[in-house]
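Undergrad: what follows is a predicted structure for the sequence shown.
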Amino acid sequence: MLRPRVIVCLDVKDGRVVKGTHFRNLRDVGDPVELAQRYEAEGADEIVYLDVSASKEDRGTLLDVVRRTAETLFVPLTVGGGVRSADDIGPLLRAGADKISVNSAAVRDPGLLSIGAERFGSQCIVASIDAAAENGGFRCYTHGGSTPTDLDAVAWARECVERGAGEVLLTSIDQDGARTGYRLDLTRAVSDSVSVPVIASGGAGSAEHLHDAFTEGHASAALVAGILHDGVTTVGALKRELSDRGIDVRPVGPSPRAAGADPAVTDTKERR
Amino acid sequence: MRIALFDYGAGNLHSLAKALEGAGAGVTITPEWDEALAADALVLPGVGAFGHAAAALPDDRSRLREALEGGLPCLGICLGMQLFFEDSDEAAGSGIGLVPGRVVRLEAEVVPHMGWNDVETGSDPLFDGIDALVAYYANSYVCRPDGEAAVIARSSYDGRSFAAGVRTANTWGVQFHPEKSSADGRRLIANFVRLAEEAR
C-alpha cells in the first residue's frame, strides 16, 4: 500500500529557514540542516527546500546547504528556487537533492521540463505551480507569487506532465500561510487531471486539513510548514491524528503500525 | 572493507555514500569498471535512466556477470537492480543478464510510483532486524523475473504485486531506495555491509 505522504517544506533564504504569509513578511525560523534532520526524526516523509529569494533576486541556489543536508538526511530532499535552466539541475542533484522543482523557469521555457526529464528521469522533475482563484478558475503566478501569467493551473499542470514532470507541487496563493485548510477545489481539479502524484500546498493548519487534502482533494501528499516551524504541532502528532482518522500514513517511530484501518476512508488518489 | 559505488554520471550519490560510510565501509565513487570490480563489494545506485546506465556497463557484459556469479558482493538499488535483468521497456540496450527476466513499464493510474510503500520481506538476512518495512520508491518501471527463485521481497501498487527485492549468490537488488528510507533503510544498508564482509 502506498502511503499518503506528509512533506515538510522549508523556505530557505540566504542559508536560513524563513516563513512568511502570502510569500511576504519573512521571519527567520532556523538552520535548514538541523531542521531537516529533526523533521526526519519526527516522521517527515520528505523534505522540500524552496529558495524563496532565488527567482526574484536572480540568486543561485543553495548548493552548500544541500550538500550539508544530504550528509545527514535519509529521506528524499526536493530543492526548488533558482533553477533557471537545465544546466542548473545537474549540480543540485550532484550536491544531494533527489528531486528538483521548477516554477518560473518552466513557465518561461517549458522545454526545460522535457530536457530535465530526458536527462535525469521524470521522477526527479517536479513542476511547482503557484495558483490563485480568479473568475471561477485558477491563474498561475510566477516569481514567488508576484507575477501573474496567462496560464490556467489545470491546463498548465497537464502540459507540465506531458512534457515530463513526474510530480506536481501545487500551492494555493490564496491559502498560503492562512492555516485555514488547503484549497481543495484547486487540489482536486489538478489531481484529477494529471497522471502523476500531486502535492497539496498552502493552508495547512491542522491534521484535519491534511485529511481533507488526501480524501476530498485527491492529493498524494500534503505539504506542511508554518504550523511545524512555529511549534503549533509536530509531524508525529499530525501523523498520529491522521492515522486515527483512517489515513494510512507511514507510521512514526519504531512501533509497528496499527492494523485494521477502515479502507473506505482512505480514498486517496492512487486507490481510486 | 572498500565498497565501490558505481557512477553512471547522473544523480545523487551523496546520501548513499554517507549511509555506506555510516555502516563502517570505505567508499570509492568511480565510473571505471576496473576499479569497481577490484573493490571488496560493489553498489549500483538507482538514479538515472536505463538506456543511459546500460550504456555505461562494460561492453563485455560477461565480465560483470561472472564477477557477480563468482560471489562479488553487490547491491543494486532501483535502476541498479533493473540492470541485473536482460533488458527493459524503457530503452534499448541490454542489462547484465544475471537474473532471467526483463524490466517492464508500471501499469497504474498514477506513475511514477512515488512515495513510501509496504514491503513484504522474507527471511533473507538483508532484512535482519527490520519489521514491517515501509520503504521509499520512485519508479516508473518494475522488474519481472522469470519465476520466483530470485525474489526475496514483494510490494504492491494499484492492485499489482511486483518484485521489491531479488537475490542471487551475493548479489542483492532492491527496487526501493534504502538510502531514502530513513532508519530501516540505513539498517538494510548496514546489513549489506555486514553480509559483504562475511562473504569476503
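TA: Sure thing, it's come through.

Undergrad: next, count neighbours for B:Ser94.
TA: When neighbours are counted by other Cβ atoms under 10 Å in any protein chain shown, B:Ser94 registers 14. From N, CA and C alone the C-beta is placed, and that goes for glycine too.

Undergrad: remind me which residues of the chain are low pLDDT?
TA: Picked chain A for this. A:20-24, A:53-61, A:253-272 (pLDDT under 70).

Undergrad: I was thinking of chain B, sorry if that wasn't clear
TA: For chain B, counting by pLDDT under 70, the residues that fall below are B:10.

Undergrad: now do 90
TA: For chain B, the stretches with pLDDT under 90 are B:8-15, B:46-53, B:91-93, B:200.

Undergrad: quick one: the helices in the stretch 101-250 of chain A?
TA: A:104-108, A:111-120, A:153-162, A:184-191, A:207-215, A:226-229, A:235-244 (DSSP state H, counting those that start in this stretch).

Undergrad: could you dump these into CSV and include mean neighbour count and distance to chain B?
TA: Supplementary listing: the helices of the stretch 101-250 of chain A in CSV, determined by neighbours: other Cβ atoms under 10 Å in any protein chain shown; distance: least, Cβ to the nearest Cβ, whole Å:
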stretch, mean neighbour count, distance to chain B
helix A:104-108, 21, 18
helix A:111-120, 20, 6
helix A:153-162, 20, 10
helix A:184-191, 22, 9
helix A:207-215, 23, 12
helix A:226-229, 21, 17
helix A:235-244, 19, 12
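
Undergrad: out of these, which comes closest to B:Ala56?
TA: helix A:111-120 (14.3 Å; Cβ to Cβ).

Undergrad: mind giving me the packing neighbours of the closest one?
TA: helix A:89-95, strand A:99-102, helix A:104-108, strand A:125-134 (3 or more Cβ pairs under 8 Å, 6 or more residues apart in numbering or on different chains; DSSP states H and E).

Undergrad: thought A:Asp192 was touching A:His218?
TA: Yes. Counting by Cβ atoms under 8 Å, A:Asp192 does reach A:His218; the two are 6.0 Å apart.

Undergrad: thinking again about what came up before, for B:Gly80, find the nearest of the helices and strands packed on helix A:111-120.
TA: helix A:89-95 (16.2 Å).

Undergrad: elements contacting the closest one?
TA: helix A:63-70, strand A:99-102, helix A:111-120.

Undergrad: got a list of what the closest residue to A:Ser220 other than its chain neighbours touches?
TA: Nearest non-adjacent residue to A:Ser220, counting by Cβ to Cβ, 6 or more residues apart in numbering or on different chains: A:Pro197, 3.6 Å away. Going by Cβ atoms under 8 Å, 6 or more residues apart in numbering or on different chains, A:Pro197 touches A:166-168, A:220-221, A:269-270, B:110, B:112, B:114-115.

Undergrad: make TSV out of the helices and strands packed on helix A:111-120 and add distance to A:Lys19.
TA: What follows is the helices and strands packed on helix A:111-120, written out as TSV (distance: least, Cβ to Cβ, whole Å):
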stretch	distance to A:Lys19
helix A:89-95	22
strand A:99-102	18
helix A:104-108	21
strand A:125-134	16
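
Undergrad: A:Ile115 is nearest to which of these?
TA: helix A:89-95 (8.5 Å).

Undergrad: longest strand anywhere in chain B?
TA: strand B:160-168 (DSSP state E).

Undergrad: which helices and strands sit right next to it?
TA: So strand B:160-168, by 3+ Cβ pairs under 8 Å, 6+ apart, packs with strand B:141-145, strand B:151-157, strand B:171-174.

Undergrad: could you redo the last one with a cut-off of 6 Å?
TA: strand B:141-145, strand B:151-157 (3 or more Cβ pairs under 6 Å, 6 or more residues apart in numbering or on different chains; DSSP states H and E).

Undergrad: would you indicate which residues of the longest one are buried?
TA: It refers to strand B:151-157. The neighbour-count check on strand B:151-157 (16 or more other Cβ atoms under 10 Å in any protein chain shown) flags B:151-155, B:157 as buried.

Undergrad: can you name the two of those residues that are farthest apart?
TA: B:Ile152 and B:Tyr157 (18.0 Å).

Undergrad: what ranges do the strands span in chain B?
TA: Using DSSP E, strands in chain B cover B:2-6, B:26-30, B:41-44, B:74-77, B:87-88, B:101-105, B:113-118, B:120-121, B:134-139, B:141-145, B:151-157, B:160-168, B:171-174.

Undergrad: nearest to A:Ser146, out of those?
TA: That would be, of these and by Cβ to Cβ, strand B:113-118, which comes in at 29.7 Å.

Undergrad: so how far is the closest one off the chain centroid?
TA: 16 Å (Cα atoms, centre = their mean, to the nearest Å).

Undergrad: who does it pair up with?
TA: Partner strands and pairing direction for strand B:113-118 (DSSP bridges) are strand A:2-3 (antiparallel), strand B:134-139 (antiparallel).

Undergrad: any chance of those in TSV, plus mean neighbour count and distance to B:Leu20?
TA: Shown next, in TSV, are the strands paired with strand B:113-118 (neighbours: other Cβ atoms under 10 Å in any protein chain shown; distance: least, Cβ to Cβ, whole Å):
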stretch	mean neighbour count	distance to B:Leu20
strand A:2-3	25	26
strand B:134-139	25	17
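
Undergrad: what's opposite the residue most central in space within chain B in the beta bridge?
TA: By Cα atoms, centre = their mean, chain B has its centre lying nearest to B:Gly76, at 2.0 Å. Beta-bridge partners for B:Gly76, by DSSP bridges, are B:Leu44, B:Gly173.

Undergrad: sorry, back to before: between A:Asp192 and A:His218, who's got more neighbours?
TA: A:His218 (21 against 13).

Undergrad: quick check: chain neighbours aside, which residue is closest to that one?
TA: A:Ser191 (3.8 Å).

Undergrad: pretty sure the one you found contacts A:Asp185?
TA: No. Taking contacts as Cβ atoms under 6 Å, A:Ser191 lies outside contact range of A:Asp185: 10.9 Å.

Undergrad: okay, and the common contacts of the two?
TA: Here A:Ser191 and A:Asp185 share no contacting residue, scored by Cβ atoms under 6 Å, 6 or more residues apart in numbering or on different chains.

Undergrad: just so I know, which of the helices of the stretch 101-250 of chain A lies nearest A:Ser172?
TA: Per Cβ to Cβ, nearest to A:Ser172 of the helices of the stretch 101-250 of chain A: helix A:184-191, 5.5 Å.
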